[in-house]
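>>> The following comprises the amino acid sequence and a computationally predicted model.
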Amino acid sequence: MNFPPQLQQKIEKWASSQGISTEQFVLQAIAEKIDTLSQQVTEEDTQQNSEISNVLPLNQSNIYRKEGILVVEAELPQNFDVNAFIDELREERIQDQIA
């Protein structure tokens with residue numbers, strides 16, 4: 001790979017300090033980055049699943065994907081306002097896009 005000279009020097013320095021080749025150093029760095037990203041995705045999935053199970057008891061819901069859309073079949077609590085819920089989701093999305 002062709003790295004900018006300053007980056008190449010840093011890679012060589014760190015690889016040498018660890019007693020490995022520059023290729024091994026780059027491969028390890030890439031592997032570590034992929035592992036970190038994979039863990040983040042797994043944590044996000046776990047958090048989303050936890051949020052779903054906190055809102056919808058597992059014995060009262062059926063969760064599946066249909067044509068790429070997450071479908072949750074469950075009884076809604078009494079006095080649940082679907083429109084208010086959708087408005088809250090929209091507001092959260094707008095805030096996320098602004099940030």
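Noted; the coordinates are in hand. Numbering: from 1, shown residues only.
>>> Only C-alpha atoms from now on, for both contacts and neighbour counts.
OK.
>>> Next SSE downstream of the longest helix seen in the chain?
Within the chain, and with DSSP state H defining each element, the longest helix by residue count is helix 22-55. The first helix or strand that comes after helix 22-55 along the chain, using DSSP states H and E, is strand 61-66.
>>> mind listing what's buried in the helix or strand that that following strand is followed by?
Following the chain from strand 61-66 toward its C-terminal end, the next helix or strand by DSSP H and E is strand 69-74. Judged by neighbour count using 16 or more other C-alpha atoms under 10 Å, strand 69-74 contains no buried positions.
>>> Quick check: buried residues in whichever helix or strand comes after strand 69-74?
Following the chain from strand 69-74 toward its C-terminal end, the next helix or strand by DSSP H and E is helix 82-98. Taking 16+ other C-alpha under 10 Å as the neighbour-count basis, helix 82-98 is seen to contain no buried residue.
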